[in-house]
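Q: Next one to model:
(chains A and B, ligands or ions: 1)
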Amino acid sequence: MDQTGRSLISLEGLDREDILWLLGHAAEFEANPNSKILDGKIVATLFFEPSTRTRLSFETAVNRLGGRVIGFSDAATTSSSKGETLKDTIMMVSNYADLIIMRHYLEGAARYASEVSPVPIINAGDGANQHPSQTMLDLYSMLKTQGRLDDLNIYLVGDLKYGRTVHSMLTAMRFFNPTFHFISPDELKMPEEYKEYCRIHGIKFEEHSRFDEETIADADILYMTRVQRERFTDLMEYERVKDMFILKNDMLRSAKPNLKILHPLPRVNEIAQDVDDNPMAYYFQQAKNGLYVREALICNALNLLK
Amino acid sequence: MGKTGKSELLVAALQNGTVIDHIPSDKVFDVVNLLGLTSIDNPITIGSNLSSRKMGSKGIIKIADRYFSEEECSKLSVIAPNIVLNIIRDYEVIEKKMISMPDQVRGIVKCGNPKCITNHEPMQTVFDVVDKANGTLRCRYCNKDIHKGDIKLL
Ligand SMILES: [Zn+2]
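A: Predicted coordinates:
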């Protein structure tokens, strides 16, 4: 891992050992989520774009470890709405905080912040670009439920064109010999550049246009994403396919017993309510895992993990 | 001196300096700007829309008593990879420098992604050259690629 800067901007620089090491620490935090390890530390959460879910998860992580939180949850309330540059905001906040966790609507904002900031930065999402803590919690959820990350059959369903989380999962899983299955409407297929990435890195994948009991029978992980109306150029096409990528409980009859269903949340209707009671449904626990993973990422950024 | 074509005459007229040749006619002033030629005092001759067997039409810039570093030359590669720099000493071309893509391009090219931080902050752009043969740049901030034909200067 890059020890010169403790910032976490993307997972690009992490190798297999780094990922497993961080996930191992997340497991320790799960066993013991409350401590005083951040006693005396101040963590700033700067949300230039609102994201209640991610912000609550990070702030809970800081609070459970005895740190204090400052920050804002919406750029409209800050001086950046008065035209202050990102650099000036970061320089100002770094006078007060030991670590900055930031979400921004512009792509590359976190990388730039990490270049100007004297304190480490954790990227909590920069536009359509990166959201490394989400990917880490996805990986943690897979590891925890399957007992391994190696050799998994991972089915990605829904919006594979714009889905930031599915793209960074491909990158992060390249060390673990996965077989991916891409299931999506035609308009939202996995872009060619990511398929090329898979070929270059020897990642096996198959594409499917049907989402049914038979197609998913071999899955270890079913990763559902939202199919959003605004992503379609052809609304007729949206109307035609919108119900074809909904997971219903009866589609799970032939599923492997170890199958777990993940979803980055928030869900709209792509997972039917009747799936929630199925023990294979894991999306709510998955969100909870985000807490332990973020505890590990925060402590790593502050160089507190051994 | 054998042939007396127009461009050879331009070259021959220079005692010491650099002749930048094979510039696409529409890029002549980009080259002027990139090399900062508007702020130096050396005698400069700029020719544009000259006929060229290879290119149809080309531009030439002659700068007296001035030579360019590798770094300055590599800047030019993002706008016109086939430019040649003739190094002149005592009326002779002593070296023909082809330019090559650098590994990184700083502060010259604009990122094509309107949601990229570089288009909203007073900061330098940085691109990694990910494919030298095809001239593909990748923004270090937003990770989007720019292909040769789409490159725009700041
Ligand atoms: Zn960019």
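Q: burial of residue 113, as a residue count?
A: Since you didn't name a chain, this refers to chain A. Using other CB atoms under 10 Å in any protein chain shown, A:A113 is surrounded by 28 other residues. Where you see a C-beta, it was placed from the backbone N, CA and C, and this is true even at glycine.
Q: Chain B is the one I meant
A: 22.
Q: Tell me if it really is in a strand.
A: No. According to DSSP: H, G, I helix; E, B strand; the rest coil, B:N113 belongs to no strand; its state is coil.
Q: For it, which non-adjacent residue is spatially closest?
A: Excluding the flanking residues, the one nearest B:N113 by CB to CB, 6 or more residues apart in numbering or on different chains is B:K144, at 4.5 Å.
Q: quick one, what contacts that neighbour?
A: Going by CB atoms under 8 Å, 6 or more residues apart in numbering or on different chains, B:K144 touches A:E107, B:C111, B:G112, B:N113, B:C116, B:R138.
Q: Provide the backbone phi and psi angles at the first one.
A: Which is A:E107. phi -80, psi 130 (degrees, to the nearest 10).
Q: If it is in a bridge, with which residues?
A: Beta bridges link A:E107 to B:C116, judged by DSSP bridges.
Q: Give me the neighbour count for it.
A: 25.
Q: Who are the contact partners of it?
A: Per CB under 8 Å, 6+ apart, neighbours of A:E107: A:D126, A:G127, A:A128, A:N129, B:N113, B:K115, B:C116, B:I117, B:Y141, B:C142, B:N143, B:K144.
Q: could you dump those to JSON lines with distance to B:L153 and pLDDT?
A: Listed next are the contacts of A:E107 as JSON lines, based on distance: CB to CB, whole Å; pLDDT from 0 to 100:
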{"residue": "A:D126", "distance to B:L153": "25", "pLDDT": "95"}
{"residue": "A:G127", "distance to B:L153": "24", "pLDDT": "91"}
{"residue": "A:A128", "distance to B:L153": "25", "pLDDT": "89"}
{"residue": "A:N129", "distance to B:L153": "24", "pLDDT": "92"}
{"residue": "B:N113", "distance to B:L153": "16", "pLDDT": "95"}
{"residue": "B:K115", "distance to B:L153": "20", "pLDDT": "96"}
{"residue": "B:C116", "distance to B:L153": "16", "pLDDT": "97"}
{"residue": "B:I117", "distance to B:L153": "19", "pLDDT": "97"}
{"residue": "B:Y141", "distance to B:L153": "18", "pLDDT": "97"}
{"residue": "B:C142", "distance to B:L153": "18", "pLDDT": "96"}
{"residue": "B:N143", "distance to B:L153": "21", "pLDDT": "93"}
{"residue": "B:K144", "distance to B:L153": "17", "pLDDT": "93"}
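Q: Going by distance to B:I23, which of the contacts of B:K144 wins?
A: B:G112 (23.4 Å; CB to CB).
Q: ok, now how distant is that closest one from the ion?
A: 8 Å (CB to the ion, to the nearest Å).
Q: quick one: pLDDT of that residue?
A: Note on B:G112: pLDDT of 95.
Q: What is the burial count for the closest residue to chain B within the stretch 151-300 of chain A?
A: Nearest residue of the stretch 151-300 of chain A to chain B: A:E193, at 8.2 Å (CB to the nearest CB). A:E193 has 9 neighbouring residues, counting by other CB under 10 Å.
Q: for it, what are its contacts?
A: No contacts exist for A:E193 under CB under 8 Å, 6+ apart.
Q: Quickly find the element holding it.
A: helix A:192-200 (DSSP states H and E).
Q: What residues of that helix count as buried?
A: For helix A:192-200, the neighbour count (16 or more other CB atoms under 10 Å in any protein chain shown) marks A:Y194, A:K195, A:Y197, A:C198 as buried.
Q: Likewise for stretch A:272-290?
A: Buried residues in stretch A:272-290, counted by 16+ other CB under 10 Å: A:V275, A:M280, A:A281, A:Y282, A:Y283, A:Q286, A:A287, A:N289, A:G290.
Q: Dump it to CSV, keeping only the CA atoms.
A: Listed next in CSV are the C-alpha coordinates belonging to stretch A:272-290 (Å, rounded to 0.1, in the frame of the first residue of the first chain):
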residue,chain,number,x,y,z
ALA,A,272,-39.6,-7.6,-4.9
GLN,A,273,-40.6,-7.2,-1.2
ASP,A,274,-41.2,-11.0,-0.9
VAL,A,275,-37.5,-11.5,-1.3
ASP,A,276,-36.7,-9.7,1.9
ASP,A,277,-37.7,-12.6,4.1
ASN,A,278,-35.6,-15.1,2.2
PRO,A,279,-32.4,-15.9,4.1
MET,A,280,-30.5,-15.3,0.8
ALA,A,281,-31.4,-11.6,1.0
TYR,A,282,-28.4,-9.9,2.4
TYR,A,283,-28.7,-6.2,1.4
PHE,A,284,-29.6,-4.8,4.8
GLN,A,285,-26.7,-6.6,6.6
GLN,A,286,-24.5,-5.5,3.7
ALA,A,287,-25.3,-1.9,4.5
LYS,A,288,-24.4,-2.6,8.2
ASN,A,289,-21.1,-4.1,7.1
GLY,A,290,-20.3,-0.7,5.7
